[in-house]
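Novice: fold the stuff below for me.
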Amino acid sequence: MNKGLTLNNVSKRFGDYWALRDVRAFVPEAKITAFIGPNGAGKTTLLHVIGGTLKPDAGTVKLEGEVISGLPPHAIARLGIGRQFQDVRVFKGLTVLQNAMVAAFPISSQICLPTWAGGGSESAILRQAENEALRWLEYVGMADQRYALARELSFGQQKLVSLARLFAKQSRILLLDEPTAGLSHQMIEKVVSLIQRAVIEQGLTVALVEHNMSVVADLANWIHFLHEGHIAFSGAAAHVLGNKTVREIYMGL
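Specialist: Model prediction:
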């Protein structure tokens, strides 16, 4: 049994336009796999299909041999697949700590937001979630901002909170869409370091879409180059990034 994600002839169309055509790829366990390509190549659509926000029109996505394509997003999330969107989606009216606590609650818990300020029988679950949330906020360097509202954070800080939330949810596979887009050089280095640590220390599996080729070169164990909806080239980072066709089509070199 393959440990990881397997894409078998995945295709997706919008009307007469095929955004994905017979995509075959494997995202191995505890490795970083990058999907690169020009705008409109189908990269984000592919993450939508894996994450369940879009259903493929043909083909399947398998997790450790079991078909998951067609499942709703919440069911896929419960399998341990976490998603970070390019437009960071934090709960802007909640504090940094509350954002992380949302992910730290056990799936079986039925706690809703109004109970957070109370006590009673649910207080033990709240304390456990708070401790877990704080653990991951410290991990990403956001513990000092725990009481700040998410709307008050910079874009880069919101990305860190979204990563902490994925870790607190105990996601074992991360789908990262442009994790360094719009960030300063210093914040890019921090995010790259966190992703590397997550793979090394937690054994997480990462599938990422990224336009920054320096980041791809630093992170990726394997690269799939998408062009016009299909995978035109695959291989190790140095092999793909040094390929003449890839450099001509994607980098304009």
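Novice: now do Glu228 against Gly42, distance only.
Specialist: 8 Å (Cβ to Cβ, to the nearest Å). For every residue, glycine as well, the C-beta is placed using N, CA and C.
Novice: more neighbours: which of these two?
Specialist: Neighbour count, other Cβ atoms under 10 Å: between Glu228 and Gly42, Gly42 has more, with 26 against 15.
Novice: distance of that one relative to Ala207?
Specialist: According to Cβ to Cβ, Gly42 stands 14 Å off from Ala207.
Novice: so Pro56 touches Val67, yeah?
Specialist: No: taking contacts as Cβ atoms under 8 Å, Pro56 lies outside contact range of Val67: 10.6 Å.
Novice: if you count what's nearby, which of the two comes out ahead?
Specialist: Taking Pro56 and Val67 together and counting by other Cβ under 10 Å, Pro56 has the greater number of neighbours (23 against 12).
Novice: what sits against that one?
Specialist: Applying Cβ atoms under 8 Å, 6 or more residues apart in numbering, one finds that Pro56 lies in contact with Val10, Ser11, Lys12, Leu20, Val49, Ser69, Gly70.
Novice: name the element the first one belongs to?
Specialist: In the assignment (DSSP states H and E), Val10 maps to strand 4-14.
Novice: got the contact list for that strand?
Specialist: Residues from elsewhere that reach strand 4-14 (Cβ under 8 Å, 6+ apart): 18-29, 31, 42, 45-46, 49-50, 54, 56-65, 69, 173, 205, 207.
Novice: so what does the helix or strand following that strand touch, helix or strand wise?
Specialist: Secondary structure here is assigned by DSSP H and E; on that basis, the next helix or strand after strand 4-14 toward the C-terminus is strand 17-28. If you count contacts as 3 or more Cβ pairs under 8 Å, 6 or more residues apart in numbering; DSSP states H and E, strand 17-28 packs onto strand 4-14, strand 32-36, helix 43-51, strand 58-63, strand 205-209, strand 222-227, strand 230-235.
Novice: for the second one, what is the average pLDDT?
Specialist: The reference is to strand 32-36. Averaging pLDDT along strand 32-36 yields 96.
Novice: just checking, what packs against that strand?
Specialist: Strand 32-36 sits against strand 17-28, helix 43-51, strand 205-209, helix 213-219, strand 222-227, with contacts defined as 3+ Cβ pairs under 8 Å, 6+ apart.
Novice: now do it against strand 222-227, angle only.
Specialist: Counting by axes from the mean of the first three to the mean of the last three Cα atoms, to 10 degrees, strand 32-36 lies at 20 degrees to strand 222-227.
Novice: kindly export strand 32-36 (C-alpha atoms) in CSV.
Specialist: Extracted in CSV, the C-alpha atoms of strand 32-36 (Å, rounded to 0.1, in the frame of the first residue of the first chain):
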residue,chain,number,x,y,z
ILE,A,32,7.5,17.7,0.3
THR,A,33,6.0,17.6,-3.2
ALA,A,34,5.7,20.8,-5.2
PHE,A,35,3.3,21.5,-8.1
ILE,A,36,4.6,24.4,-10.2
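Novice: name every strand pairing with that strand and say which way it goes.
Specialist: strand 205-209 (parallel), strand 222-227 (parallel) (DSSP bridges).
Novice: return the set of buried residues in it.
Specialist: When burial is assessed from 16 or more other Cβ atoms under 10 Å, strand 32-36 yields the following buried residues: Ile32, Thr33, Ala34, Phe35, Ile36.
Novice: so what touches the lowest-mean-pLDDT helix or strand in the chain?
Specialist: When each helix and strand of the chain is scored by mean pLDDT, DSSP states H and E, helix 244-249 comes last, with a mean of 80. Contacts of helix 244-249 from elsewhere in the structure, counted by Cβ under 8 Å, 6+ apart, are Pro38, Phe225, His227, Ala232, Phe233, Val240, Leu241, Leu253.
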